[in-house]
Structures are given as C-alpha cells and as structure tokens.
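[1] Next comes the sequence, and after it the predicted model I'd like to discuss.
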Amino acid sequence: MYRDRVSYDELAIHVAYRDGSTEVSRSRSFVRGVRSFDGSRWRIFSCEWCSDEELRRFAPQFNEELRGESEVELYKGRTEIGSEPSSFEKVLELMEALCSEAKAMDIRRCEVYATYRRIHRVIEHVEGRAEEVKHLVEMSVGLVALGSFGTPVYGSSTKFVVVWSGSDLSKVLDEAFREALERVRRSLHAKSLNPLEIGRHEVVLDSHATAALIHELSHLLDPTYPLSIRRLGVQLSTPEIEVVDDPRNPMSPTTRFFDDEAVPTARRILIEEGRIVDMHHTRATAKIHGSRPGSAHGLFQPPQPFHTVLVLKPGDWREREIVEETKHGFYIEGVAMATLEPGYVRIVPEVCYRVERGELVEAVRLRCIKIPLRMLKTVNAVGRSLAVRTSYEKLWLVSEIAPFIRLECYVE
C-alpha cells in the first residue's frame, strides 16, 4: 500500500480587451487531497480551501502515516520554472492598439486576452516531497471579418509561454495578432472546393497541423484508451517517423520534472522507424505491460497516461522544398479542430491552399481532411524545422513539437 498527500495552488490574473472594453480579474484556487494506491486502484479524497482538521474529518486516511514502499524511484526536491511578470500595463496598452489597428482594417470584432498562472504543485510521499512552481502565460487573439454575402470569417491564434525575468510579453502578443490577422486575410479570399476534387490527394501539413496529428495519434499509445493499439511492434508509419515523449524539453512551456504520481519524468521513445516500441504509462499500466511509469496526469482523480512534450524527429527537407516537390495537392496551415475517429484522424484546417506544380495557387475552403491510419505509411517528406503547439487535453496542458510532413489523405 502506497499513500501520499497532494496540493494544487493556482493563482490566475486575467486581462482582456473586447470591443473597446477592458477586463482585469484575479482568482485563486487551492485544493488539497490524500491518496492511496494498492498496486491497481486509487482511493482519493480532496477538498478546496480546507484546513487540516476539516481534511481529517472528511478523509480518515489523512491521519495515517505516509508509510509503505514504492516500487519505483520517486522525485524529491523543488523546481521553479519561470518567474512572475512585473506588470501587464504594457500588454493592456498593446491590446487596445492592436484592436484599433484591426478596426481600421475593417475587422468587425477583435478580442484579445492574456492569462498569467502561477501553478504550485506538491506531492508529499513516502520518500520525501516533490514540489514544482511554474509561471505560465496564455495569450489569445480572436478576429472576425465579413466575407462575401456577409459570411463571417474567423482568424485566431493562441500562444503559451513560460515567463522569465525580462520576458517581453508584448512581442508574443503582437506575434499572435499578426498570425490571426493573416489567417483572416487568407480566408477572405478562399474559394469553395470543387466537388470533383473531393477524394484522395497528396497533402502538405505545416508544423501545427502535424503537431495536431501526432497529438491524436498519442491516444493510440495510451493503454487505457478504448481505441488504443496495445501491441508493441506494430508498423504504424514509414521508417522516417520517430516520436518521442520528452517531458524536460526546454522548447516547451509544459516542461515538468515529475509526473502526477511523483515519478521522475524521462525521455521515452514511443515510435522508432515507424514502429510502436513503447506506450505512455502510469504505475498501474506499467505493471501490467512490463514498462516503466512516468506519464501520469491527474492529482485528484485516478492518474491517466498521456504525453507531456511529444516530439516528432525532424527530417532533411526544407519546408519550401516540400511544397516545390508537390505536383498537385493541398497545403494545410493551422488547425481549428482535430479528433481521433475509429480508423482515422480528422483535421479541420484553419487555412488551406491548392498546390499546382510546386506553387500555392489559391486558398480554398475545406470541410476537413481525413487521414486513415493505414495512410501514415505514405509519409514521403519530413521537414527539418520544428515548431511548438500547446493545447489542453481534458484539464492537462500538453505540447507537441513537430516539422512539416507530406502524406496522402482524403480531402472533403
């Protein structure tokens, strides 16, 4: 029997500018809990803003000692990632200036927000104490313009950054605004897809679309997921594809040194030469599958296995070269939505271009692209430059780092 005590303390400062109005809010949540694990099942009690006395009455096991043995090494120590920003005054001024610029360019609606979070995570376990403090800022820009016949056209961009001393948050916000503005501009000129073009095509995915693809494929490597592939050695893609979960990667804002079971995180090769060689694991699943834990997410519910920083190994192709070597197909830039369906990944692109003889000839509107799992074996180009995409998976913040790729899929 293993027992621990956990706490999660989050301070959030939210600033926003919406159609001429400014919002500033501050909130804080503090949750404590006690957990026990018998090798296969968890018992978890938690409460918000409760004292020791309240927790003792609510959770009898709080009075018990943190005794027992852990079958794995546990993290001990304190880490702090980032630092608190000095002020949001410049950011608020920039929000107003950017939305004024957007209005002058006939953008009908402009919404910008930034949320700073100081997240303090503590796990007291049988071998000591694991503690992490992280300073994170999420910035998002949403723009709406009117296209032909009064149809609304959207453009958005979201950035996550770890705040360090001297960080220029204004630069990150401006970059998100320019990205959203460019997506609106391109979408305004997009033409409808010719019905005769619906079907199988060669498609180039930019880094964000590729990141969304591997995020969905990551579910296949969760042994608790109903659609997962639970057999190692399966040839999922071409040999050019290598996928690694690298939780301590400094490029990512989701870096962490221990998971939600206090197990130290470590680099884990998941797909090597296109073949599945390992999966995400908690203590429970690692015991069943004969692997090692370190991928647990969830403090106040039974931890679930998933990636922290998923990295697709870069190849030798330059991004421009991938497009130039595409005779006929489509180029996908950005992702509005991505889901894993039985047998395929479905991606709704933000912007799409038709490619003819290596040139982007015109923007087109696609409902979605569908990538059957069997078509992962058609990947024939992998870019050399990497970009980070960060998103929420349930309540967890995770990242993917990926290059451009080219493969075949179905366009609708």
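    It's in.

[2] ok, residue 229 touching residue 277?
    No - judged on CB atoms under 8 Å, residue 229 makes no contact with residue 277 at a distance of 11.9 Å. For every residue, glycine as well, the C-beta is placed using N, CA and C.

[3] what about residue 29, how many neighbours?
    As a burial measure, residue 29 scores 11 neighbours (other CB atoms under 10 Å).

[4] That one should be in a helix, yeah?
    No - Residue 29: not assigned to a helix; according to DSSP: H, G, I helix; E, B strand; the rest coil it is strand.

[5] Would you enumerate the residues in contact with it?
    Each residue near residue 29 by CB atoms under 8 Å, 6 or more residues apart in numbering is listed here: 8-10, 48.

[6] Would you mind listing which of those are buried?
    Buried members of these, counted by 16 or more other CB atoms under 10 Å: residue 8.

[7] and residue 295, what is it in contact with?
    Listed by CB under 8 Å, 6+ apart, the contact set of residue 295 reads 245, 259, 268, 280-282, 305-308.

[8] ok, and the closest non-adjacent residue to it?
    Sequence neighbours aside, residue 280 is the residue nearest to residue 295 in space, at 3.9 Å (criterion: CB to CB, 6 or more residues apart in numbering).

[9] next one: residue 133
    Counting by CB to CB, 6+ apart, residue 133 lies nearest to residue 80, which is 4.4 Å off, once chain neighbours are set aside.

[10] For the one you found, give its distance to residue 131.
    Per CB to CB, to the nearest Å, residue 80 is found 9 Å from residue 131.

[11] ok, those two, which is more surrounded?
    Counted by other CB under 10 Å, residue 80 and residue 131 do not tie: residue 131 has more neighbours, with 18 against 11.

[12] circling back: which ones among the contacts of residue 29 lie within strands?
    8-10, 48 (DSSP state E).

[13] send the alpha carbons of stretch 14-26 over as CSV?
    Provided in CSV are the C-alpha atoms of stretch 14-26 (Å, rounded to 0.1, in the frame of the first residue of the first chain):
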residue,chain,number,x,y,z
HIS,A,14,-6.7,37.6,-16.4
VAL,A,15,-6.7,40.7,-18.6
ALA,A,16,-8.8,41.1,-21.7
TYR,A,17,-9.8,43.7,-24.3
ARG,A,18,-13.1,43.1,-26.1
ASP,A,19,-14.7,45.6,-28.5
GLY,A,20,-13.4,48.6,-26.6
SER,A,21,-14.0,47.2,-23.1
THR,A,22,-11.2,46.2,-20.7
GLU,A,23,-11.4,43.4,-18.1
VAL,A,24,-9.0,42.6,-15.3
SER,A,25,-9.7,39.8,-12.8
ARG,A,26,-7.8,37.8,-10.2
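
[14] buried sites along it?
    Buried residues in stretch 14-26, counted by 16+ other CB under 10 Å: 14-17.

[15] Just the residues you listed: which are in strands?
    Filtering these for strands - DSSP E - leaves 14-17.

[16] The worst-scoring helix or strand of the chain on mean pLDDT packs against which elements?
    In the chain, no helix or strand scores lower on mean pLDDT, DSSP states H and E than helix 52-58, which sits at a mean of 84. On a contact count with 3 or more CB pairs under 8 Å, 6 or more residues apart in numbering; DSSP states H and E, helix 52-58 meets strand 42-48.

[17] with the ones in strands among the contacts of residue 29 in mind, which one is nearest to residue 349?
    The closest of those to residue 349 turns out to be residue 10 (CB to CB; 33.1 Å).

[18] partners of that closest one in the sheet?
    As for beta bridges, residue 10 partners with residue 29, residue 119 under DSSP bridges.

[19] Now do stretch 170-183: distance to the chain's middle.
    Its chain's C-alpha centre and that of stretch 170-183 lie 19 Å apart, by CA atoms, centre = their mean, to the nearest Å.

[20] Can we start the residue count at 40 from this point?
    Got it, first residue is 40 now, which makes that one stretch 209-222.

[21] Name the strands paired with the top strand by length along the chain and say parallel or antiparallel.
    Secondary structure assigned by DSSP E gives strand 167-185 as the longest strand of the chain. Pairing partners of strand 167-185, with direction, according to DSSP bridges: strand 116-120 (parallel), strand 148-164 (antiparallel), strand 191-201 (antiparallel).

[22] Just the CA trace of that strand, in PDB.
    The C-alpha trace of strand 167-185 is given here as PDB (Å, rounded to 0.1, in the frame of the first residue of the first chain):
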ATOM      1  CA  GLY A 167      10.100  12.900   0.800                       C
ATOM      2  CA  ARG A 168       8.500  15.800  -1.100                       C
ATOM      3  CA  ALA A 169       8.200  16.700  -4.800                       C
ATOM      4  CA  GLU A 170       7.400  20.400  -5.400                       C
ATOM      5  CA  GLU A 171       7.000  22.400  -8.600                       C
ATOM      6  CA  VAL A 172       6.200  26.100  -9.200                       C
ATOM      7  CA  LYS A 173       5.600  27.200 -12.800                       C
ATOM      8  CA  HIS A 174       4.900  30.700 -14.100                       C
ATOM      9  CA  LEU A 175       2.900  30.500 -17.400                       C
ATOM     10  CA  VAL A 176       1.100  33.000 -19.600                       C
ATOM     11  CA  GLU A 177      -1.500  32.100 -22.200                       C
ATOM     12  CA  MET A 178      -2.300  34.800 -24.900                       C
ATOM     13  CA  SER A 179      -5.100  34.500 -27.400                       C
ATOM     14  CA  VAL A 180      -6.300  36.700 -30.200                       C
ATOM     15  CA  GLY A 181      -9.700  36.300 -32.000                       C
ATOM     16  CA  LEU A 182     -10.700  38.300 -35.000                       C
ATOM     17  CA  VAL A 183     -14.000  38.300 -37.100                       C
ATOM     18  CA  ALA A 184     -14.400  39.900 -40.500                       C
ATOM     19  CA  LEU A 185     -17.300  39.700 -43.000                       C
END
